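Enquirer: I would like to see how this sequence folds:
(one chain, ligands or ions: 1)
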Amino acid sequence: MPNRIHVAVDTPDLARALHLARQVRTHVGGLKLGLEFFCANGAAGVREVAAVGLPIFLDLKLHDIPNTVAKAIQALGDLQPAILTVHAAGGRAMLEDAKAAAPASTRVVAVTLLTSLDGDDLRATGIADDAPGQVRRLAALAQEAGLDGIVCSGHEVAAARAEWRDGFFVVPGLRPAGGPAGDQKRMVTPAQAAAAGASVLVIGRPITAADDPDRAAREIAATL
Ligand code: C5P
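Expert: Numbering: from 1, shown residues only. Presented below is the predicted three-dimensional model:
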């Protein structure tokens with residue numbers, strides 16, 4: 001089993017991202033670069049980080065009309081990201097076109113519902129269902145549209161995998177046992193998420209804010 005730990009490199013600072021990437025490269029399976037990094041450094045920045053030698057998870061959460069998303073993904077194509085995110089709420093045609101536009105080696109994964117949204121937010125946008133119902137519906141849509149998997153919490157991954165046996169499940173919001181919670185509220189450990197069926201464990205601050213990020217990554221890897 002390849003190393004499932006992907007470090008969330010949440011910084012707009014290219015030098016800091018490169019430093020971190022070099023520190024952790026032997027004990028993690030990939031690096032997640034998000035909007036913050038991409039807006040600051042663009043494709044050239046992604047290429048520099050990729051040159052460190054780890055697979056790149058490009059977490060851009062794309063959401064637009066199908067043609068625009070497909071063209072954006074084609075424009076990213078030569079970066080060959082290992083994983084790319086889109087919003088399931090973009091609808092079936094957008095999801096199908098996103099998958100078709102991505103390189104064959106790129107796993108296209110859907111964000112179902114942002115965890116920053118609660119039931120009141122959903123109702124304010126005209127969605128009557130509760131958050132779990134909406135997550136289930138969007139996960140099924142992503143599967144029907146031919147995507148590779150979804151992003152979900154460590155609490156949801158076992159149920160999600162039961163519904164989608166060969167799905168690819170990206171799980172953020174993890175905290176090693178005994179570590180500080182930060183702003184994550186309902187904690188799951190990396191080992192719990194892995195046992196529940198996570199394909200990728202997204203871990204940010206427990207590694208990036210550690211005095212020794214490589215040791216933190218190694219310690220987490222040892223629990224899996
Ligand atoms: O530092 P931490 O481990 O909390 O970082 C988690 C990463 O996963 C961040 O990049 C964050 O944006 C992302 N994420 C999350 N919770 C979600 C979805 C994504 O923490 N529900």
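Enquirer: Model confidence at the residue of the chain found nearest the ligand, what's the number?
Expert: Ranked by CB to the nearest ligand atom, the top residue of the chain for proximity to the ligand is Gly204, at 2.4 Å. For glycine as for every other residue, the C-beta is placed from the backbone atoms N, C-alpha and C. What the model reports as pLDDT for Gly204 is 96.
Enquirer: burial measure for the residue lying closest to it once chain neighbours are set aside, as a count.
Expert: In space, Gly204 comes closest to Ala8 once its chain neighbours are excluded; the distance is 3.4 Å by CB to CB, 6 or more residues apart in numbering. Applying other CB atoms under 10 Å, we find 20 residues neighbouring Ala8.
Enquirer: Name whatever forms a beta bridge with Ala8.
Expert: Taking DSSP bridges as the rule, Ala8 bridges to Lys32.
Enquirer: picking that back up, distance of the residue of the chain closest to the ligand from Leu33?
Expert: 12 Å (CB to CB, to the nearest Å).
Enquirer: ditto for Ala98
Expert: With CB to CB as the criterion, Ala98 and Leu33 are 18 Å apart.
Enquirer: Quick one: name whatever helix or strand follows the helix or strand containing Phe37.
Expert: Element membership for Phe37, per DSSP states H and E: helix 35-50. With elements assigned by DSSP H and E, the helix or strand that comes after helix 35-50 is strand 56-62.
Enquirer: on that earlier part again, mind listing what's buried in the helix holding Phe37?
Expert: 37-38, 41, 45-46, 49-50 (16 or more other CB atoms under 10 Å).
Enquirer: The ligand contacts on this structure?
Expert: 8, 10, 34, 115, 172-173, 182, 184, 202-205 (CB under 6 Å from any ligand atom).
Enquirer: Grab the nearest non-local neighbour of Thr26.
Expert: In space, Thr26 is closest to Asp214, 7.1 Å off (CB to CB, 6+ apart).
Enquirer: What residues does that neighbour make contact with?
Expert: 23-24, 26-27 (CB atoms under 8 Å, 6 or more residues apart in numbering).
Enquirer: among these, who's most crowded?
Expert: Val24 (25 neighbours).
Enquirer: By mean pLDDT, point me to the weakest helix or strand of the chain.
Expert: helix 119-124 (a mean of 89; mean pLDDT, DSSP states H and E).
Enquirer: which secondary structure elements does it contact?
Expert: In terms of contacts (3 or more CB pairs under 8 Å, 6 or more residues apart in numbering; DSSP states H and E), helix 119-124 is packed against helix 131-144.
Enquirer: For whichever helix or strand comes after the helix it packs on, which helices and strands make contact with it?
Expert: The first helix or strand that comes after helix 131-144 along the chain, using DSSP H and E, is strand 149-151. With contacts defined as 3+ CB pairs under 8 Å, 6+ apart, strand 149-151 has these neighbours: strand 107-111, helix 131-144, strand 168-171.
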